[in-house]
Structure formats: structure tokens, C-alpha cells
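Q: no sequence for this one, just the structure:
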Ligand code: UDP
């Protein structure tokens, strides 16, 4: 592999300088972490699956007019993306109570929420990604009110899109996290969905059995994580029955 500049290494991905200005190469590792990296393991094949699944979701979003940073998949573990200025927020959308909202508010896991709930967490590992309100975000200058309105609208469109796709293959989208980036074109700024969309950052439950097909399998020691992600990929047609990767989905335009 040609030597290239590493821009950033996170828990599950590495960003390298891209082939052209304004681009980056996003490399998906097999590392799995949970509880702010207190629990760690290497899950063989996870990076390959997440690269494929994120490509699948981001391509679909691009095709319905929800802008993302995704340009194209390069190989099994890498994709070419637009360089963005990441807004330091984790944007979580919930359809059904699970995880932290269940704990914090004492709502049984699996309770449907009366409407999708959008939450913001400040991205700071040292602080454990604390939940913040729009007041904090605006006061500390992480985003403006107009940005937040646009981010909520984007997040809800992603929710509708992902919920529909997953329901089509018998999977309920419980919640998910996205990150949003800014792309500058002179003085003009656009917000796009960035980072990744994969079972690492979603909760996915089988509609019939309630079986978990997401990172909770790892967090809660419920079985083999790669098997769960392979099942999601297989149902979506990203992998055929025998598990070998299919060709890439078409990007319209
Ligand atoms: N999530 C994530 N990264 C984080 C925190 C949460 O991708 O650092 C995802 C998580 O997988 C779930 C959703 O965001 O799909 C909501 O997570 P929650 O707040 O319930 O926290 P958790 O119980 O995962 O700690």
C-alpha cells in the first residue's frame, strides 16, 4: 500500500489523506469498543461489513437527496469521502426506548416512543460524551439555531429512510446515531451526513423474534457480532446467501 498521511485514528476507523484536495479515505477497522472503550475486542470481518453497509445506506441517502460525505467505496475496507468539518455532536434519533434513555428515565426497553426523539451528545471521550441541549450547543458556538433546525430535519429524514429500509427486511430500527459535517464552498456552507451508518451505531431488532442484530450483541455479550452484522447485510442483499460480497450499489447521477 502506498504510504499516505494518516489524518486521524478513531476507535473503529482511520482517516487518511485522499487522492484529491477535499477528499479523505475512510478505513474501517475490525476493532470493537463499548462503554467509552472500557470493553475492547477485535471482531474479524466487522470492518468489511461496516464498509459495505455504510456504503449501502449512504448511497441510498444520496439517491433520495439527503446529502452525505460518501463518494465511493474503494475496496473491502476503504471508502472515498468528502472532507468535512465535523460538528462535535452525536445526533441520536430514537423510535423505541432502549439503552441510555431507558436507564435515565426508567422506561422499559422496547417501549415504543410516541414520536421520534432527537437528542444531542457533546463528542468528548474524556467527558464520556455528555448529553447537551440546544441551549448549550448555541451558547458554546458548536452550531447555530439554523444549523440545529437543519440537523434535526436531516436526522428525521435519515430516520424515515433507514426505518423503511430496515422494516422491508424484517428489522425494526430502534435508534441510531449520526454525525454531521460542514462542507464549505466559499462563504456558502452545507450540512451533510458524515462518519458512518452501520450496526455499530444503530439498534436493530428482528421484528419477529426481537433478536438484537447490532453492537449490543458485543456490549452485552449476546453472541457473535460478525454473525449478527452478516445477517443484516444478507437481508439487505449486500451479501448473497453464501456470504461473499456482491457488486456495489449504483449511485444515481
Ligand atoms: N451510539 C453510538 N455511539 C455512541 C453512543 C451511542 O453509535 O458513542 C448509538 C448506539 O449504538 C445507539 C444509539 O446511539 O444505537 C443510542 O445510544 P444510547 O444513548 O442508548 O447509549 P448506549 O446505551 O449505547 O450507551
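A: Yes, it's here. Just so you know, these numbers come straight off a predicted model, no measurement behind them. Residues are numbered from 1 along each chain as shown.
Q: Could you use CA atoms for every contact and neighbour count after this?
A: Noted.
Q: which residues touch whichever residue of the stretch 1-150 of the chain sits closest to the ligand?
A: Residue of the stretch 1-150 of the chain nearest the ligand, by Cα to the nearest ligand atom: residue 99 (3.4 Å). Contacts here follow Cα atoms under 8 Å, 6 or more residues apart in numbering; on that basis residue 99 touches residue 109.
Q: residues from the stretch 151-253 of the chain in reach of the ligand?
A: 175-177, 200-203 (Cα under 6 Å from any ligand atom).
Q: Please flag which of those sit within helices.
A: Among those, no member is found in helices (DSSP state H).
Q: Which ones among those residues map onto strands?
A: Among these, the members found in strands (DSSP state E) are 175-177, 202-203.
Q: Mind picking the two most distant members of the residues of the stretch 151-253 of the chain next to the ligand?
A: 175 and 200 (11.4 Å; Cα to Cα).
Q: what sits in contact with each of those two?
A: With Cα under 8 Å, 6+ apart, residue 175 and residue 200 have no common neighbours.
Q: Now do the helix or strand harbouring residue 58: distance to the chain's middle.
A: Applying DSSP states H and E as the criterion places residue 58 in helix 46-63. Computed by Cα atoms, centre = their mean, to the nearest Å, the separation of helix 46-63 from the middle of its chain amounts to 9 Å.
Q: Name the residues that touch that helix?
A: 12, 28-31, 67-68, 70, 72-73, 76-79, 158, 161-162, 196-200, 225-226, 229-230, 233, 238, 249-252.
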